[in-house]
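Enquirer: The amino acid sequence is not available; the structure is as follows:
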Ligand code: SF4
Ligand code: SF4
């Protein structure tokens, strides 16, 4: 299973529409989107435009502290207008006027790392999960995903309970090793799935979140390593690789004997079609759309064979 990750924080309807449209034409059946009504509608519209059937939607939320629910903010008084953030943002969320377009910001933190003056800080943008998640399930979303990289156990418990109450087809736990060691990762997952039916939970093994900026084995190594740690624990879950995934991930995972259920690709999937989907004449220029579909199809096929 290939899953296109539009970005938990990607709230830009036009960007999501173009991404979903191209990847649906390329054969993708799973779409990971932000937990917003307008984004779900947009994704469904884009799929409808392609005529693709049997498509599935996953919405992502995060616990406090998880980078997937953060956004960047620029403190003007400290900014020297060097343009580093503008040049390095992978999602074109920094405008030429050195302002952040919050809807496009996916919280990757690249701008903050490149800022020479410390003018950029990250802040959390949470959603009302009690309101939005039941709506999502009622409107055909099959997977509710929780990114759990943070220290707030209370928030984790609260949001995981809400997900379970919504009774989605699958609940998904997205975890990496930035904060926890191997033992704690497994312990956390064990606790979370204790009352769930076997194989109704997906564990999204995140290598390095939002790091798929090139197509090397090295970039995807940590996602494969993380998947192996989950696999070795013999838990009754489906394993999906993510975080640094690219066209090499499936090959490396197979070589390493990983019995995965799917591969979720975000940064790399967006990057390879970026020149086409950011073009102002995207909807008018059929040639650009065809080239984008060709690039996307090669990536989908690297996973689906
Ligand atoms: S670099 Fe990342 S965190 Fe900064 S504005 Fe762009 S998407 Fe947001
Ligand atoms: S990198 Fe920092 S100093 Fe440079 S333009 Fe961006 S916010 Fe301003």
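Expert: Here it is on my side, so go on. These numbers were taken from a predicted model, which means no experiment stands behind them. Numbers count the residues shown, from 1 in each chain. Ligands and ions are numbered 1, 2, ... in the order given.
Enquirer: who in the protein is up against ligand 1?
Expert: Taking C-beta under 6 Å from any ligand atom, the part of the chain that reaches ligand 1 is made up of 72, 89, 91, 93-94, 100, 105-111. Every C-beta, even on glycine, is put in place using the N, C-alpha and C of the backbone.
Enquirer: Most neighbours among those residues, which one is it?
Expert: Counting neighbours by other C-beta atoms under 10 Å, residue 106 leads these with 28 neighbours.
Enquirer: how close does that residue sit to residue 305?
Expert: Here residue 106 is placed at a distance of 29 Å from residue 305 (C-beta to C-beta, to the nearest Å).
Enquirer: try residue 199
Expert: 22 Å.
Enquirer: Which one's more surrounded, the two?
Expert: residue 199 (13 against 7).
Enquirer: Can you tell me the SS state at that one?
Expert: At residue 199 the chain is in coil, as set by DSSP: H, G, I helix; E, B strand; the rest coil.
Enquirer: how much space is there between it and ligand 1?
Expert: With distances taken as C-beta to the nearest ligand atom, to the nearest Å, residue 199 is found 34 Å from ligand 1.
Enquirer: Hmm, residue 239 and that residue touching each other?
Expert: No: with contact taken as C-beta atoms under 8 Å, residue 199 and residue 239 are classed as non-touching, separated by 10.9 Å.
Enquirer: What count of nearby residues applies to the closest residue to residue 5 other than its chain neighbours?
Expert: In space, and not counting its chain neighbours, residue 5 is closest to residue 266: 3.2 Å by C-beta to C-beta, 6 or more residues apart in numbering. Residue 266: 27 surrounding residues under other C-beta under 10 Å.
Enquirer: Do you know the pLDDT at residue 266?
Expert: Confidence at residue 266, expressed as pLDDT, is 95.
Enquirer: How about the contacts made by it?
Expert: Neighbouring residues of residue 266 by C-beta atoms under 8 Å, 6 or more residues apart in numbering: 4, 5, 6, 7, 32, 210, 212, 242, 245.
Enquirer: gap between it and residue 67?
Expert: Counting by C-beta to C-beta, the gap from residue 266 to residue 67 is 12 Å.
Enquirer: which parts of the stretch 51-200 of the chain sit against ligand 2?
Expert: Residues of the stretch 51-200 of the chain found near ligand 2 (C-beta under 6 Å from any ligand atom) are 74, 79-85, 98, 114-117, 119-120.
Enquirer: one more time with 5 Å, if that's ok
Expert: Residues of the stretch 51-200 of the chain lying close to ligand 2 by C-beta under 5 Å from any ligand atom are 74, 79, 80, 82, 84, 85, 98, 115, 117, 119.
Enquirer: Just the mean pLDDT for the longest helix seen in the chain, thanks.
Expert: Ranked by number of residues, the top helix in the chain under DSSP state H is helix 286-304. Taken as a whole, helix 286-304 has a mean pLDDT of 97.
Enquirer: and it, which residues are buried?
Expert: Buried residues in helix 286-304, counted by 16 or more other C-beta atoms under 10 Å: 288, 289, 292, 293, 295, 296, 297, 299, 300, 302, 303.
Enquirer: Please indicate which of the contacts of residue 266 has the highest neighbour count?
Expert: When neighbours are counted by other C-beta under 10 Å, residue 245 leads the contacts of residue 266 with 34 neighbours.
Enquirer: And what about that residue, helix, strand or coil?
Expert: Following three-state DSSP, we place residue 245 in the coil state.
Enquirer: Need the per-residue pLDDT for it.
Expert: If you check residue 245, the pLDDT there is 97.
Enquirer: Around the residue nearest to it when sequence neighbours are not counted, count how many other residues there are.
Expert: Distances taken as C-beta to C-beta, 6+ apart place residue 265 nearest to residue 245, at 4.6 Å, with adjacent residues excluded. A count of nearby residues for residue 265, using other C-beta under 10 Å, gives 33.
Enquirer: Ok, residue 197 next?
Expert: Around residue 197 there are 8 residues (other C-beta under 10 Å).
Enquirer: Thought residue 181 was touching residue 188, still the case?
Expert: No: in terms of C-beta under 8 Å, residue 188 does not count as a neighbour of residue 181; the distance is 10.9 Å.
Enquirer: Neighbour count for the two, which is higher?
Expert: More crowded of residue 188 and residue 181, by other C-beta under 10 Å: residue 188, with 16 against 9.
Enquirer: roughly how far apart are the more buried one and ligand 1?
Expert: Residue 188 sits 26 Å away from ligand 1, going by C-beta to the nearest ligand atom.
Enquirer: now do residue 279
Expert: 19 Å.
Enquirer: One more: residue 187?
Expert: Using C-beta to the nearest ligand atom, residue 187 is found at 30 Å from ligand 1.
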